[in-house]
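S.K.: how would this look folded up:
(chains A and B)
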2 protein chains.
Amino acid sequence: MTIDSFATPTCILGLGLIGGSLMRDLAAAGAPVYGWNRSAATANAAAAEGFDASTDLAAVLRRAQEDRALLVIGVPMFAVGGLLDQIAELAPDCGITDVVSVKRAILDEVEARGMGDRYVGAHPMAGSEESGWEATRTGLYDGAAWVVCFDRAAEARRDGAEVPRQWTKTFRDVAALGALVGSEVIPATADDHDRAVARISHMPHLLSYALAVVGDDGGPLTLSLAAGSFRDGTRVAGAEPDMVMSWCENNVAPVVDALDEVIELLTAARAELRERGTAATLADAGFRAHGRYRARAGSRKVDGGAKLSLRPVIRVSPGTGDWVGDLVQAEGLGGRIDIF
Amino acid sequence: MTIDSFATPTCILGLGLIGGSLMRDLAAAGAPVYGWNRSAATANAAAAEGFDASTDLAAVLRRAQEDRALLVIGVPMFAVGGLLDQIAELAPDCGITDVVSVKRAILDEVEARGMGDRYVGAHPMAGSEESGWEATRTGLYDGAAWVVCFDRAAEARRDGAEVPRQWTKTFRDVAALGALVGSEVIPATADDHDRAVARISHMPHLLSYALAVVGDDGGPLTLSLAAGSFRDGTRVAGAEPDMVMSWCENNVAPVVDALDEVIELLTAARAELRERGTAATLADAGFRAHGRYRARAGSRKVDGGAKLSLRPVIRVSPGTGDWVGDLVQAEGLGGRIDIF
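M.R.: The predicted structure is shown next:
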């Protein structure tokens, strides 16, 4: 991906850990980028480092409309609806994406405003237990999964209709954005994405909170003996409850399903321990599952330091042939796409 | 701690990750150390690196008896009883410690053989999800908690009796061993230790297994999206189930108690999610608990790279005054002891 191939400027709305790190990467790559943040403290901190950041939302949106920028929504979930209203009024021709974790809730807000033909949801699977501009860094997205949602295209395919051209253009821009910052672009529908993140993101956070409580309840000696397994198992319990709850509150059914499965596994392990003195069924299943995860997820460093992705790659040419079918196939494999 | 102050040679029985790493540290410090391992592959690998390692248990134990070495048992739990029988026969005057995770089960084996006056159980809170000689490394114990059990002394104190001199000598040797490898020595009774590790070691492993299964059950897309929180939350699911089960199987009641607490927390979170659309009660409690853990456990790097322990320190002079009372006090604080 070169700068030439990234002709659409990027306008980032919300410069926290996710939006701010994205601004750093784009600026570092020489791609045109500017942004807005509600709080002056963040906008000033970004501007002090030479970034093009403002607190004037109307001015920023008019500028985006002017140069047909791709809008990246990076505000907390509760602020998304209001921001979409502003976008509808001041930047009616811009493509829109977002980096706000859950995807169904955002898609509903978008569709309620009739903005679905220019919206392609996204979710970079990166972050940390920290937040805010001071936590931003270059390279946060390098090697990460960058989910790109294709519900609008899947709907058109189901109906035997054309995918709107503006949507296809936005899809290309969003995929190019992910590739530019070094991520692997993975297509998924909003609901499939939300079910997945309930299991591999929201569940680790809830289990981390529970483990932190159980350790703390053991008293001073217990916490004093905590070592690597407890440290790693509770790391994300340091994440702001409000942020984690904004995910869970907008993804209740998938989180409840995953919780039910965890509770069932632990209840069975407890019964096996009491009755047979072991929890080998859970241990063996978990060990095997972990092996499958290690064998297929993410990337691996090979000799010489190059990264070898373990994800299958599907080449996709948006607007050509059954390209949406290719996306469906890639999603089923958890594969990444290469746009051409 | 200097070499002069560590006059007792150390004889390590079992050269896996824990025993083997201990051998590396002692040899690196110039302290006299030799060891035994059942499998020739491990003993040969250690010998090939210049370590004094053998597969001849009888010869090693006779040598240990000869120079009154401190015996460190580092074999899997199921092999401990047989090893104690050999020690009773061939090394009747050596002090004994062990590094085999759970402490009550070992203490019971020791007491069943009437060897309690020369046994001081230990548990270095270090390791990894790997095992065997190839996983051993120098510095594994640097900064770790090194639990030293004082049940025999607590029993004497309760009965108004003298602590046996041989036990006190062994206690000094075991505490010196932990200090020599850079650990912080923390006194605890076997039962209190086992309750603590059920919460901060066995529970992280069981939750890690459960999380790995729930992620894997989500299918290829789910595993493909897994990022930092899932990776860290499932790291120890890569630990050998046989090893983890040997802990749980010898610590059933405390593990069941901790599991009950986890299941109760998660069940309440599920109900809150369904009824009120949030799991804020668990998230807030977990976030606060994590803060307390971070504030008191382990050590912190300060300016200049020096380590500042966050554990309170209690100075203890074994055999002097109410020194066992000092141990009880240190245990209650999760504090480390400084022997003088």
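S.K.: I'd say residue A:73 and residue A:80 touch.
M.R.: Yes. At 6.2 Å, residue A:73 and residue A:80 qualify as touching, with contact defined as CB atoms under 8 Å. Just so you know, the C-beta spots here come from the backbone N, C-alpha and C atoms, and that holds for glycine as well.
S.K.: of those two, which one has the most company?
M.R.: residue A:73 (25 against 21; other CB atoms under 10 Å in any protein chain shown).
S.K.: do you know how far that one is from chain B?
M.R.: According to CB to the nearest CB, to the nearest Å, residue A:73 and chain B sit 20 Å apart.
S.K.: could I get the phi/psi values of that residue?
M.R.: Backbone torsions of residue A:73, given as degrees, to the nearest 10, read phi -80, psi 120.
S.K.: now for it: which residues touch it?
M.R.: Residue A:73 sits next to A:13-14, A:80, A:83-84, A:96-100, A:106 when contact means CB atoms under 8 Å, 6 or more residues apart in numbering or on different chains.
S.K.: 7 Å instead, please
M.R.: For residue A:73, the contacting residues are A:13-14, A:80, A:83, A:96, A:98, A:100, by CB atoms under 7 Å, 6 or more residues apart in numbering or on different chains.
S.K.: same check, this time on residue A:65
M.R.: Applying CB under 7 Å, 6+ apart, the residues near residue A:65 are A:90-94.
S.K.: contact residues of the stretch 1-150 of chain A facing chain B?
M.R.: Proximity of the stretch 1-150 of chain A to chain B, by CB under 7 Å from any CB of the partner chain, involves residues A:125-126, A:128, A:144-145, A:147.
S.K.: farthest pair within the contacts of residue A:73?
M.R.: For the contacts of residue A:73, the maximum inter-member distance is 13.0 Å, found between A:14 and A:96 (CB to CB).
S.K.: which residues in the stretch 1-150 of chain A form helices?
M.R.: A:17-28, A:40-48, A:57-66, A:80-90, A:104-112 (DSSP state H, counting those that start in this stretch).
S.K.: show me what counts as buried in the third one.
M.R.: Translated: helix A:57-66. A:57, A:60-61, A:63-65 (16 or more other CB atoms under 10 Å in any protein chain shown).
S.K.: returning to what we had before: tabulate the helices of the stretch 1-150 of chain A (JSON lines), appending mean pLDDT.
M.R.: Formatted as JSON lines, the helices of the stretch 1-150 of chain A follow (pLDDT from 0 to 100):
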{"stretch": "helix A:17-28", "mean pLDDT": "97"}
{"stretch": "helix A:40-48", "mean pLDDT": "97"}
{"stretch": "helix A:57-66", "mean pLDDT": "98"}
{"stretch": "helix A:80-90", "mean pLDDT": "98"}
{"stretch": "helix A:104-112", "mean pLDDT": "98"}
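S.K.: give me the neighbour count for residue A:317.
M.R.: A count of neighbours around residue A:317, defined by other CB under 10 Å, yields 11.
S.K.: oh sorry, the question was meant for residue A:195
M.R.: 22.
S.K.: quick check, pLDDT for the spatially closest residue to it that is not a sequence neighbour.
M.R.: In space, and not counting its chain neighbours, residue A:195 is closest to residue A:254: 4.6 Å by CB to CB, 6 or more residues apart in numbering or on different chains. Per-residue confidence at residue A:254 stands at 98 (pLDDT).
S.K.: got a list of what residue A:254 touches?
M.R.: So residue A:254 contacts A:194-195, A:198 (CB under 7 Å, 6+ apart).
S.K.: kindly report the same for residue A:132.
M.R.: Residue A:132 is in contact with A:16-17, counting by CB under 7 Å, 6+ apart.
S.K.: redo that, cut-off 8 Å
M.R.: Contacts of residue A:132 (CB under 8 Å, 6+ apart): A:16-17, A:42.
S.K.: give me the low-pLDDT residue ranges for the stretch 201-340 of chain A?
M.R.: A:297-306 (pLDDT under 70).
S.K.: break down it into its strands, ranges please.
M.R.: Assigned by DSSP state E, counting those that start in this stretch, the strands in the stretch 201-340 of chain A fall at A:299-301, A:307-309, A:313-316, A:336-339.
S.K.: circling back to that earlier point, got the contacts of residue A:254 as CSV, with pLDDT and secondary structure columns?
M.R.: Shown next, in CSV, are these (pLDDT from 0 to 100; DSSP: H, G, I helix; E, B strand; the rest coil):
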residue, pLDDT, secondary structure
A:194, 98, helix
A:195, 98, helix
A:198, 98, helix
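S.K.: quick one on the thing from earlier: need the max-distance pair from the residues of the stretch 1-150 of chain A next to chain B.
M.R.: A:128 and A:147 (18.1 Å).
S.K.: since that was my last question, I'll sign off now.
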